[in-house]
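A.B. asks: I would like the atomic coordinates for the input below:
(2 chains)
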Protein chains: 2
Amino acid sequence: MRILLTVAVLVAGAGNARADEGMWTFDNFPSAKVKERYGFSPDKAWLDHVQKSAVRLAGGCSASFVSATGLVMTNHHCAHRCIEELSSAKKNFIADGFYARSPAEELTCPTMEVNQLLEITDVTERIQNATAGKSGADFAKAERKAMSEIEKACASSKKVRCDVVTLYAGGKYDLYRYRRFQDVRLVFAPEFDIAFFGGDPDNFEFPRYDLDVSFVRVYDDGKPLKLDDWLRWSPAGAKADELVFVAGNPGGTDRLFTVSQLDFVRDVSQPWSLIYYSELRGVLEEFATKGPEQQRTSQSLIFGVENSLKAWKGREATLVQPGFMEGRRTAEAAFRAKLAADPKLQDTPGAFDAITKGEAAYRGFYVRAILLEGTPSASRVVPAPFGFRGDLFANARILVRLAAEASKPNGERLREFTDARLPAIEARLASTAPIHSDLEVELLTFSLTKLRESLGADDALVKKVLGQRSPRQVATAAVRGTKLGDPKVRLALKAGGTAALAASTDPMIGLATLVDPDARAIRAKYEQEVDAVVVRESAKLARARFALVGTGTYPDATFSPRLSFGTIKGWTEPDGLGGTRTVPAFTYFSGAFERATGVFPFELPKSWLAARSRLDLQTPFDQASDNDIIGGNSGSPLLNQKAEVVGLIFDGNIPSLGGDYYFDDATNRAVSVHSSALLQALDRIYGAKRVLEEIAPAGAPGSSSVGAH
Amino acid sequence: MRILLTVAVLVAGAGNARADEGMWTFDNFPSAKVKERYGFSPDKAWLDHVQKSAVRLAGGCSASFVSATGLVMTNHHCAHRCIEELSSAKKNFIADGFYARSPAEELTCPTMEVNQLLEITDVTERIQNATAGKSGADFAKAERKAMSEIEKACASSKKVRCDVVTLYAGGKYDLYRYRRFQDVRLVFAPEFDIAFFGGDPDNFEFPRYDLDVSFVRVYDDGKPLKLDDWLRWSPAGAKADELVFVAGNPGGTDRLFTVSQLDFVRDVSQPWSLIYYSELRGVLEEFATKGPEQQRTSQSLIFGVENSLKAWKGREATLVQPGFMEGRRTAEAAFRAKLAADPKLQDTPGAFDAITKGEAAYRGFYVRAILLEGTPSASRVVPAPFGFRGDLFANARILVRLAAEASKPNGERLREFTDARLPAIEARLASTAPIHSDLEVELLTFSLTKLRESLGADDALVKKVLGQRSPRQVATAAVRGTKLGDPKVRLALKAGGTAALAASTDPMIGLATLVDPDARAIRAKYEQEVDAVVVRESAKLARARFALVGTGTYPDATFSPRLSFGTIKGWTEPDGLGGTRTVPAFTYFSGAFERATGVFPFELPKSWLAARSRLDLQTPFDQASDNDIIGGNSGSPLLNQKAEVVGLIFDGNIPSLGGDYYFDDATNRAVSVHSSALLQALDRIYGAKRVLEEIAPAGAPGSSSVGAH
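C.D. replies: Numbers count the residues shown, from 1 in each chain, chains lettered A, B, ... in the order given. This is a model prediction of the structure:
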């Protein structure tokens, strides 16, 4: 019953989204509704302050300014890549943690980028005028061109980042203008063992005991950034049932998906992804048993793969829930009937059929498309092809494509090579982060094995890539023979452009060049026969929804700043024995010590064991709330009515993953570190005085709580 | 359209199954229908001869007698376990092949059992009388008791095996009486590289180039078995579109599944299995890269895991086919309406709801059930728990349960420990086959990791099993500490019974003992709340089908002897680029040489490269036919109208895997080695004169073809 209701509301796209549902844009927050439910209404000043204080990490996370001098709080797992890149076999900051005792000790993250949202401008008319009357390849080309031109005109310097964001599945286009910061330095990180205590078994689960935090600092022209808007700290955190907000960048949801789009996910992309990531996980798990260096170098990749896998499992659990798809089918039929009955909207139902046809076509070449090109994603520098994994191939593809794309007018390039996106590409090519050959061989071997398995040994491209060799032979030759692990080589090839590439004998460049025509062809096929259809037809449906129920609702997540509201609370779930169990809203320090076994992933760091007697074990550690969040929200601050930090979002529970398709407030929970746990750990375990003084300066509200708690 | 038609027919269970569909029992073969379609009608003598010549391998395959002195033809992959068990690091018969040049060189397979069907007796009334008016636990207990008693009374000695087979989802129970042979010796096997040429990439695919054959010999009282019924060889094999038969033991199909049962597979067991096997495959693939010994010892397990995985993928492709489930839903609704309209059958539709309820309950504890107990299967000695994989744990569980079960009356024991099944248990405990500790550690580590991941770190059983240790620590201690790799130790513990077990300090016995109460409890829950319900209610539906459309149809496969008919032919399939391609019915020797790369799994053995000039490269190698088969049919003879061998079934194509749920004659194909390829390889590549002389004796029809082809 609960499902059907929610679904009906969603499909109708009604403004009366129920309960605490919604990832709201800052320019359309339902303050009146919050007031009605909770007696508090965030005003314009409150919203502006939070919008400027909460930032985006361009790599795919959220964060917030928590001091006047550019200190940024985010999750450990959001800075994991930076921490790992700064580590070596000698100085392992992942294992041991990191703390800069002075400004000079703050270390530059090779590829981290922070975005602060300054302005939102509606550009719907400009895009829709450009695409009016067009379809297929023409539509895709015109849309891409219009977006790239708007972005280019907006991005006045490298310090400004402009993204055209497609909202309401094409019903609205907004231009988001950000300040872009690329000088970001590591300040503090705890040990991985406590940042990810419980590891994969506890990931997306609760009760949870993680101190998943890190602090970095944004520099501007070589100095710590000065700020007016930054978040203060709550003295005691939030209580059960207290109203709380999450300001962050949810990466993507598909709540407006039609039934045929959901069918595609359930029947095609989801099983494929579950199988792919499961097998890759197995390979990497076993690879890590080969030795301590293999273990160290594969850890963050394993973490990422396991995270993707569990996210797919969570979404799967929602899609196969009894009654879910039937509910969507019924609701869609009702919406179609409503459209057909409206004289002005009578031709809209055809959009459903057009989307169904596009999805049906995609079934015919989906596997080839993701093997050669990967899944398009707003947060990725380049789509990662599933048939050619690894950093070395990715760099080769960037170089091969960059040379070809750079000579084209901005509006005609592949989206990821437009001027607005070049700074990220350049940062990647210049990165000094180490690349691990042993791991690269395994990744590429695995990918090529999947390529042959999926397309068949008789496929022309497979024959072209493998010839008379095995996947392992091809992968080994390419990885051992390439020089692309060296940033200087990459930058030289970039500078040399097409001529340098043509002259190159680098085997990874050779592989990327060999595959490129097929990859571009299947991407074009996808863009024309699927994506252009879906965007165009979804926009029709979106406009119909606006016409029927108004614009008082929230758009699907798009990895751009959003605000959600909710309360601190637990939930009830099946117990796996045929019954149910209740899960409380808080865990406490004491629980971490009870759960510890001394073996990863349940091993507490030495610092914790040593500090045990100094800790108040009744301090709340992690907490659950029913804020509507999704992947990308990691690192978001959890705020009270005063816009004070009461927690740090780092996860959701398993049902929250189903939030991709709908929000069920009975079970969907965001998971955060409690603000008191953060303070006490920084103080009593890590003695991180520099950080503490910044975030809770002496004399400011809350400072007394640090020592006295 | 095709789908809907087939489905409608299946759900109604009509006698007019279309095209070449059907895995028919020998006592209900539709000879008249075959006559009508193909002008040939197998008579009683033909059927009896084939029934006695085609045999079952109790481990899960099919085979046939092909000489008067007990020679049995089956697949290489059906004898793989035997060949591997007879191998060592020094004598690798898997890699090098095997040929006994004299009777003395024939080597005994440690655990192979051959069953020859002698008689079928209808025992429906006895079972139905025993279960009449019962439900839940009482039903399950009464059914088990009645079956065990009938089997015990029938099995007059160890040389006789009796199985009560549940047909038509409980509509009929037949007693199958077999001659049981446990002295089986290896005669011939080619190299693995040609028996499984193309490996996993080509498995379930076509075009195919496999010589998946082996010959073993059945001994009786220490001498080669003398036979009256055995299959002769066709001189030239079959032509395109020729009528052919497959006599074998299809393991299991679910064509009578209700919609709620199919939903359960698609939503619960299938995704779980795909994920489990994919990850395990990844672990084992990478394990095999650790060294040549790891590669050798894990090969057959990898093969098995990949085979299971691809089978699940194939079934999945059918279940998610657009329109498939809707078709089943529509057909089921129509059947319900028909039942409701019949005064005598009006209470039958309730059976659908009862089954739906049973499946819904199962969702609540499925994962726990298969982790602790595994999936019940007629062809397994004991169900293999997914949470405790490996031969050592399996042996421990057998010993722990055998001691407990042996003291109970036969009718009250767990099914796999009834008197009729004890010979298989004993053979397993006594087996001298080596057990590889390194691999066992990986398997048990993986299993325990899955156990913790799936049930959660807070689960009481997980805590009991792991305590303060990691999965790897527990697995390593149990595998390194156990003595159960030694058959003498196993047999001593068996002989010592409960007292010996209680006194044992063996850690694997300890683990199996620790888990047993929980495992038995969840099994009992499954048997009472799910299985008993499904069996009882499905039987109601089966009886209603008999009443409505008669008994002129075939039952779902049950790993008992069946006969199917069809013709040699290719098919048309999607090409992965959005179009289609046609697949021809035959491959030729020449194709194997073209496909060879010199690297596994596309490496031809030296014997083939050396014999190339002696071969007629235009000889048909493998072939496709539209016989209705499924897993378990591996090793079945493909026969012409004269009951002569024209091929050796070893596989089906990907759509054949969907045959679990329905038969689509447009795409479902059985794959066999062509009889001419077998003859020519034995002659010109292997010089296996002893085998050739037996199967095509001089002067007999066909013998001339060997040399002259």
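
A.B. asks: now the residue in the stretch 401-550 of chain A positioned nearest to chain B: closest residue in space, sequence neighbours ignored.
C.D. replies: Closest approach of the stretch 401-550 of chain A to chain B (CB to the nearest CB) occurs at residue A:470, with a separation of 4.0 Å. Heads up, the C-betas are built off the backbone N, CA and C, glycines and all. Setting aside the residues directly before and after it, residue A:470 is nearest to residue B:599 in space (CB to CB, 6 or more residues apart in numbering or on different chains), at 4.0 Å.

A.B. asks: surely the residue of the stretch 401-550 of chain A closest to chain B meets residue B:199?
C.D. replies: No: in this structure, residue A:470 sits apart from residue B:199 without contact. The criterion is CB atoms under 8 Å, and the distance is 10.6 Å.

A.B. asks: list the residues that contact both of the two?
C.D. replies: Common contact partners of residue A:470 and residue B:199 (CB atoms under 8 Å, 6 or more residues apart in numbering or on different chains): residue B:600.

A.B. asks: residue A:275 reaches residue B:271, doesn't it?
C.D. replies: No: using CB under 8 Å, residue A:275 makes no contact with residue B:271, being 9.5 Å away.

A.B. asks: which ones are touching the residue of the stretch 401-550 of chain A closest to chain B?
C.D. replies: Per CB under 8 Å, 6+ apart, neighbours of residue A:470: B:597, B:599, B:600.

A.B. asks: of these - the most surrounded one?
C.D. replies: Using other CB atoms under 10 Å in any protein chain shown as the neighbour definition, those reach their maximum at residue B:597, which records 17 neighbours.

A.B. asks: burial measure for the nearest residue to that one once chain neighbours are set aside, as a count.
C.D. replies: Leaving aside its chain neighbours, residue B:597 sits nearest to residue A:468 (4.5 Å; criterion: CB to CB, 6+ apart). Residues lying near residue A:468 (other CB under 10 Å) number 11.

A.B. asks: measure residue A:468 to residue B:617 for me?
C.D. replies: Note on residue A:468: its distance to residue B:617, by CB to CB, to the nearest Å, is 19 Å.

A.B. asks: then residue A:220?
C.D. replies: Remark: distance between residue A:220 and residue B:617 (CB to CB) = 73 Å.

A.B. asks: show me the domain layout of chain A.
C.D. replies: Chain A resolves into domains spanning A:2-113+A:182-254+A:558-708, A:271-547 when parsed by automatic domain parsing.

A.B. asks: would you turn those into JSON lines with distance to residue B:125 and mean pLDDT?
C.D. replies: Compiled in JSON lines, the domains of chain A are given as follows (distance: least, CB to CB, whole Å; pLDDT from 0 to 100):
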{"stretch": "domain A:2-113+A:182-254+A:558-708", "distance to residue B:125": "35", "mean pLDDT": "90"}
{"stretch": "domain A:271-547", "distance to residue B:125": "38", "mean pLDDT": "93"}
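
A.B. asks: for residue A:425, see how far away the closest residue to chain B within the stretch 251-400 of chain A is.
C.D. replies: For the stretch 251-400 of chain A, the nearest residue to chain B under the criterion CB to the nearest CB is residue A:282, separated by 2.3 Å. Separation of residue A:282 from residue A:425 (CB to CB) stands at 33 Å.

A.B. asks: who's more crowded, those two?
C.D. replies: For the pair residue A:282 and residue A:425, the greater number of neighbours falls to residue A:282 (25 against 19), based on other CB under 10 Å.
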